[in-house]
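prediction below, plus the sequence it came from.
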Amino acid sequence: MAYVEVILPLPLKKTFIYSVSEELNPAIKAGVRVLVPFRSRKLTGFVLKIEKEKPKEEFQIKPVLQILDENPILAPNFVDFIFKLSQTSLVAPGELLKAALPPSFWVEEKGGYKLVQKPKKDEIKEKFGQKTEAVEKVLNLWSGKKALSWSYLKKKLDFRGWPSLIQRLEALGWIRKETKIYFKRKRMEVISSAPAQLQLTFFSERNYQPHFDLIEKALEKKEFKYFLLIGSKSRREEFFLSLLKKRAQVSSKILILWPEIASLTCFLERLTNLLGPKRIACLHSDLPLRKRESDWVRIFQDEVDVVVGTRSAVFAPLPRIDLIYIEEEADEAYVHPSPAYDARLAAKLRAQQDKAVVLLASSAPAVSSFFHAKNQGLIIDLGHSPRKLNILVYSGENSKILSPELQGMIEARFLSREPVALLINRRGYASILVCLRCGQIALCPKCRRALTFYARKDKLVCPQCGFKDKRWLRCPECQSQVISPRGYGLEAVEEEINRLWPQARIRSFEAESFRGKKQLATFLKEFRSGQIDIVLGTQFLLSHLDWKKVSLAAVLHPEMMLAQPDFRAGEKVFSLVWRLQEEMEKNRQGEVIIQTACPENYVLQALAKADYLELVSTELRFRRLLNLPPYRSLIRIILTGRSRRELARQARELKKRLDEFQEIEEILGPVFLPTRKGKGEIQIWLKGKKKEEIIHFISLILNKMNLSPFLEIID
DNA sequence: ATGGTGAATCGG
DNA sequence: CGATTCACCATC
C-alpha cells in the first residue's frame, strides 16, 4: 500500500495523508490532482509526495477516491514557490494554490439530487401506502430542474429516517444523484495565427544598447537581479518591446505583469503584432473560463514563451522563468486582498528561485523602490521628463470651484470644440454637511467620519464603511434648517460646469458609475468621436481615457489627496499628475493645469519643476525623520472576527507578545476598523528594520495563538 | 472552510 | 427547563 501527502485548498498549514489502493497505485504521481474524502465532503487536492511507509501517527487514513490527472500539473519548483510565498505572506499554501489555478481545477463533488420524473399519485400510493402525502410533499421540493444538495435536503427534511427515504426514492429511479463533472485536461485550442508583423516602424534611433547589455549580462549569468526601469510609458514600451524581440530569438521565458486589464489589452495587441500570437498567453480573471484554462494549459505544456497578465499571473505555470517585467510597479493593484499577497513580492520570490531577472518599470517609481534600486546601482533611466505644467493658485473665492483663469481656458476650448478633462479625486457632491447654526456635522454613527453628501442619490454615505443615511433636512441637534454642504466633490463640479456652459456635452466618470464594461465602452466611443466636450472624473480616468484628443487637462485641488493619512499620498499624487502629463504629451497642443490652494506644497513644487528627483529627495528626508519606509518596514496586521470583545482580547494579547521582540521598534494600535458588514476588524501596525525576522516571529506567535490574520507589508 | 460538539444564553 | 445560539475543534 502506498500513501500520499496531499495539500487541500483550505486555510490550513497542514497537509493530509491518504492511502492509495492497489488499483490506483500505478497511476499515482507527485503533482497530480486527486479527489479525496474530507470529513463529509469530497475535495480536490494535490499530491505533494508519495510515501511507502505508513505514517507513525495514529489517525484514520482514508483512501484516494480518484486520480484526476494522468500527468503532474504542478512542477516541484512551483510547489516550492507556493510554500515560500506562504512563509512570507502568512497565507496558507492551500489557499495560495487555490488562487493560483483556474477555478475549474478545483471541483468539489456536490451531492445533488435531481428529479428524474415526477411519479403519479397512484404510483406513490402503490409504493408508500399511507405515507403517500408525506412522500408527495418531499417530492414537491423539486420545483424545477435544479439539483438539490444534500445539505439543502437536510435542512428541509427534518424528520428521522429521511436519508433512507432519499435512498429509496433513488432506488426507485424517481430521483437521481448527479455529481459535477471534473475538469479534464483538454487538448489545447488551436489559435488562428495571424502573420506576424516584424517591422517595428515606431522604433526610434535611440541607443538603448548599454541598458540592454546590462540586462542581458544578468540574463546570461542566470542570476537573480532586479532593475528599476524609469521612463515614460512610451519609452518603456519601446525599450521593452525591443528587448522582447531580442529575447524571443533565444526563447527566453518571460512573465509580464500589468496592473489593470484595460491597458494590458492595449499592450497585448502590440505585443501580438510584434511576436505573433503563437508563443504568447494571457492570464486575467476577466477572460472567459475556457480561454483561461486553455492558456493555462498552453503555458504549462511549454508552448508559450511570453505570458502577460494581471497580478494573479505571478502564478503562471511556466516551467522556468528568465525575465519578469512589472509595469507601473507602484500601482496598488498589485496587492491582492484575499488571499493577501503582494504580486510584486511574489514575483521577486519566484525570480529568486528561478534565477531570473526582474524589471520593475515605472514613469515615477515609488520612493522606496527608487531608494533600494539606487543603493544597489540598479537603475536604468531612459531619460526624458514631461514638460513643465502650470499651477493656478486659487482658494475658492465666491464659493466658485473653478477659478476665473481656468474658466477662461475652458471657455476658449469649448468655443473651439476641443475636449477638456477635469480630474478631481472626491466623489459625491460635498464631503461634509454642516448645520450653520450650531456647527453640527453629519457623522457616521459607526466610524465617526464625516458623511459624504451625494446630491444625485440624495443620500449621505460614509466614505469608510459605506453606511447610508437620508440627507439632513433639519439639524438633529438644533432643528435648524440652514444646512450647508462644504468641501465639494465631482457632482458639485459637474453642477457648476452645467451652470457655466449649459450647452456643453458633459460626462462625469467614476469607477463605480460604470457597472458593466459596455457603458464604459460606449462612453469611450462617444468621446473618441468627439461627442463630448467636457469630461470629469476621478483618477480612474487616467488609464481609460484617450488623452491624445484632450486639449486641456486640469487637476483640481490635489491637496485633497495629499491630506490623506497615508505617508505615500505624496508619491501617489506625483505619479498621477506625472503620468497625466506624459499622456498629454501625445497631443502637442495639450496643456496640463493644476488648480490648487497650496502651491508651496513640495509635491506640487516638484511637479512644477518637472523634477522627479526633487520629489524623491524631499520625500526621503521626511521618511528619514519619521523612520518610515524605505528606512523601516511597516507591517499591518488585521484580525477579523465576530465578537469585538473577543477580538480586543486577542489583539491585546498579540500586542503583548509582539512587545517582547526586540526587532520590532514600534507598535501602533490595536485599533478597531470600521467595516462594511457587522464583522469586527482590528488593526495593529508594526515598524522595524528586519522584515524577514519580524515576519518569522509573527508567524510563530500566530501559530501559538491559533490566529490567521491578514498581513500587509510595506517597505 | 465547514460541520459536529458541548457550553452559554434565551424565552415561556 | 428544553431550545437555540455560539465558540471551539478536528479534518488524514
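On my side now, so go ahead.

the closest residue to DNA strand C within the stretch 551-700 of chain A: neighbour count?
When distances are taken as CB to the nearest atom of the strand, the stretch 551-700 of chain A reaches nearest to DNA strand C at A:Ser643, 4.0 Å away. No exception for glycine: its C-beta is placed from N, CA and C like everyone else's. Applying other CB atoms under 10 Å, we find 11 residues neighbouring A:Ser643.

can you check A:Met705 too?
A:Met705: 14 neighbours (other CB under 10 Å).

now A:Arg474
12.

thought it was touching A:Gln481?
Yes: using CB atoms under 8 Å, A:Arg474 is in contact with A:Gln481, at 5.4 Å.

A:Phe672 and DNA strand B, how far apart?
20 Å (CB to the nearest atom of the strand, to the nearest Å).

the helix or strand in which that residue is found packs against which elements?
Per DSSP states H and E: A:Phe672 is located in strand A:664-673. Helices and strands touching strand A:664-673, by 3 or more CB pairs under 8 Å, 6 or more residues apart in numbering; DSSP states H and E, are helix A:644-659, strand A:680-688.

how far does the following helix or strand past the last one sit from the chain's center?
Just to be clear, that refers to strand A:680-688. Later in the chain than strand A:680-688, the nearest helix or strand by DSSP H and E is helix A:691-705. In terms of CA atoms, centre = their mean, to the nearest Å, the centre of helix A:691-705 is found 25 Å from the chain centre.

same deal with stretch A:582-602?
The answer for stretch A:582-602 is 29 Å, by CA atoms, centre = their mean.

first-to-last residue distance for that stretch?
Distance between the two ends of stretch A:582-602: 20 Å, counting by CA to CA, to the nearest Å.

thinking again about what came up before, so for the closest residue to the residue of the stretch 551-700 of chain A closest to DNA strand C other than its chain neighbours, what's the pLDDT?
Once flanking residues are discounted, A:Ser643 sits nearest to A:Gly680: 7.1 Å by CB to CB, 6 or more residues apart in numbering. In this prediction, A:Gly680 carries a pLDDT score of 73.

how about A:Asn390?
A:Asn390 carries a pLDDT score of 89 in this model.

do I have it right that it meets A:Pro599?
No: with contacts counted by CB under 8 Å, A:Asn390 stays clear of A:Pro599, the gap being 10.7 Å.

residues in contact with the nearest residue to A:Gly31 once chain neighbours are set aside?
Nearest residue to A:Gly31, sequence neighbours excluded (CB to CB, 6+ apart): A:Pro72, at 2.8 Å. Going by CB atoms under 8 Å, 6 or more residues apart in numbering, A:Pro72 touches A:29-32.

could you do A:Ile73 as well?
Contacts of A:Ile73 were listed using CB under 8 Å, 6+ apart, and they are A:31-33, A:46, A:101, A:105, A:185, A:300, A:317.

measure it to A:Val79 for me?
A:Ile73 sits 11 Å away from A:Val79, going by CB to CB, to the nearest Å.

shared neighbours of these two, which are they?
Any residue near both A:Ile73 and A:Val79 by CB under 8 Å, 6+ apart counts here, and that gives A:31, A:46.

against A:Thr88, how distant is A:Ile638?
From A:Ile638 over to A:Thr88 the distance is 17 Å, taken as CB to CB.

okay, those two: which has more neighbours?
Legend: neighbour count by other CB under 10 Å for A:Ile638 and A:Thr88, higher for A:Thr88 (20 against 17).

not counting sequence-adjacent ones, nearest residue to A:Phe46?
Counting by CB to CB, 6+ apart, the residue nearest A:Phe46 is A:Ile7, at 5.1 Å.

next: A:His384.
Counting by CB to CB, 6+ apart, A:His384 lies nearest to A:Ser232, which is 5.4 Å off, once chain neighbours are set aside.

does that neighbour touch A:Leu580 like I think?
No: when contacts are counted by CB under 8 Å, A:Ser232 is not listed as touching A:Leu580 (11.9 Å).

these two: which is more packed in?
Between A:Ser232 and A:Leu580, A:Leu580 has the larger neighbour count (other CB under 10 Å), namely 27 against 21.

go ahead and confirm A:Phe227 touches A:Leu378.
Yes: if you go by CB under 8 Å, A:Phe227 and A:Leu378 touch, sitting 5.0 Å apart.

residues near A:Leu613, how many?
For A:Leu613, using other CB under 10 Å, the count is 11.

now do it against DNA strand B, distance only.
Distance from A:Leu613 to DNA strand B, by CB to the nearest atom of the strand: 46 Å.

return the residues in contact with that residue.
Shown in contact with A:Leu613 (CB under 8 Å, 6+ apart): no residues.

which of the three states applies to it?
helix (DSSP: H, G, I helix; E, B strand; the rest coil).

setting aside sequence neighbours, what's the nearest residue to A:Ile695?
Sequence neighbours aside, A:Thr88 is the residue nearest to A:Ile695 in space, at 6.3 Å (criterion: CB to CB, 6+ apart).

that neighbour is in contact with A:Lys348, isn't it?
No: if you go by CB under 8 Å, A:Thr88 and A:Lys348 don't touch, sitting 9.8 Å apart.

quick one: residues contacting A:Gln117.
Listed by CB under 8 Å, 6+ apart, the contact set of A:Gln117 reads A:Trp174.

any idea of the pLDDT on the residue of the stretch 551-700 of chain A closest to DNA strand C?
For A:Ser643, pLDDT reads 71.

next, give phi and psi for the residue nearest to A:Phe46.
Dihedral pair for A:Ile7: phi -100, psi 130, per degrees, to the nearest 10.

same check on A:Val592?
Dihedral pair for A:Val592: phi -120, psi 130, per degrees, to the nearest 10.

do the same with A:Ile261
Note on A:Ile261: its backbone torsions stand at phi -70, psi -40 [degrees, to the nearest 10].

if I look at it, how far off is DNA strand B?
In terms of CB to the nearest atom of the strand, A:Ile261 sits 27 Å off from DNA strand B.

cool, and A:Leu639?
With the distance defined as CB to the nearest atom of the strand, A:Leu639 ends up 14 Å from DNA strand B.

circling back to that earlier point, any chance of the contacts of A:Ile73 in JSON lines, plus secondary structure and pLDDT?
Converted to JSON lines, the contacts of A:Ile73 look like this (DSSP: H, G, I helix; E, B strand; the rest coil; pLDDT from 0 to 100):
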{"residue": "A:Gly31", "secondary structure": "coil", "pLDDT": "93"}
{"residue": "A:Val32", "secondary structure": "coil", "pLDDT": "92"}
{"residue": "A:Arg33", "secondary structure": "strand", "pLDDT": "92"}
{"residue": "A:Phe46", "secondary structure": "strand", "pLDDT": "95"}
{"residue": "A:Leu101", "secondary structure": "coil", "pLDDT": "93"}
{"residue": "A:Phe105", "secondary structure": "helix", "pLDDT": "86"}
{"residue": "A:Arg185", "secondary structure": "coil", "pLDDT": "48"}
{"residue": "A:Phe300", "secondary structure": "helix", "pLDDT": "92"}
{"residue": "A:Pro317", "secondary structure": "coil", "pLDDT": "95"}
